[in-house]
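> next comes the sequence, and after it the predicted model I'd like to discuss.
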Amino acid sequence: MNEEFKMVIAVRGDIKLSPGKMAAQVAHAAVNCAFSAKKNYKKFFKGWYDEGQKKVVVKVKNMEELRELQFQAKSDGLPNSLITDAGHTQLPPGTVTCLGIGPGPEEAIDKITGHLKLG
């Protein structure tokens, strides 16, 4: 059986983001993670890219939960990117909005994010 790959972006539920702002933040995470994987996790990137670049957006309660996911992703050797807003529009500068994890093996990412609800 072939290994399947995906990327998950976890968005904080405790800050107010318009749909457009959320989309932009999720896009930042996806792009950062893809570039990181292409450079440092070539097998993960190639598998994910060849399979159609599966991406899933989930919600977390707050910053603490986001940091815990980041710690788990780093501990498990998965690409990840914490996104901090520049503060040009809706949020104060330096507000952390979301975390991208992957691309990586779906099983490894699900171990970290599988309990979260879709965003």
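Okay, I see it.

> test my guess that Thr84 contacts Val96.
Yes: under the criterion of CB atoms under 8 Å, Thr84 makes contact with Val96 at 5.3 Å. In short, each C-beta sits where N, CA and C put it, glycine included.

> strands of this structure, start to end?
5-12, 55-60, 80-84, 96-105 (DSSP state E).

> what lines up beside the longest one in the sheet?
When you say that, I think you mean strand 96-105. strand 5-12 (antiparallel), strand 80-84 (antiparallel) (DSSP bridges).

> tell me which of the ones you listed sits most buried.
strand 5-12 (a mean of 25; mean count of other CB atoms under 10 Å).

> ok and that strand relative to strand 55-60, angle-wise?
Here strand 5-12 points in a direction 30 degrees away from that of strand 55-60 (axes from the mean of the first three to the mean of the last three CA atoms, to 10 degrees).

> skipping adjacent residues, who's closest to the residue nearest to the spatial centre of the chain in space?
In the chain, the centroid-proximal residue (CA atoms, centre = their mean) is Gly100; its distance is 1.5 Å. Excluding the flanking residues, the one nearest Gly100 by CB to CB, 6 or more residues apart in numbering is Ala29, at 3.2 Å.
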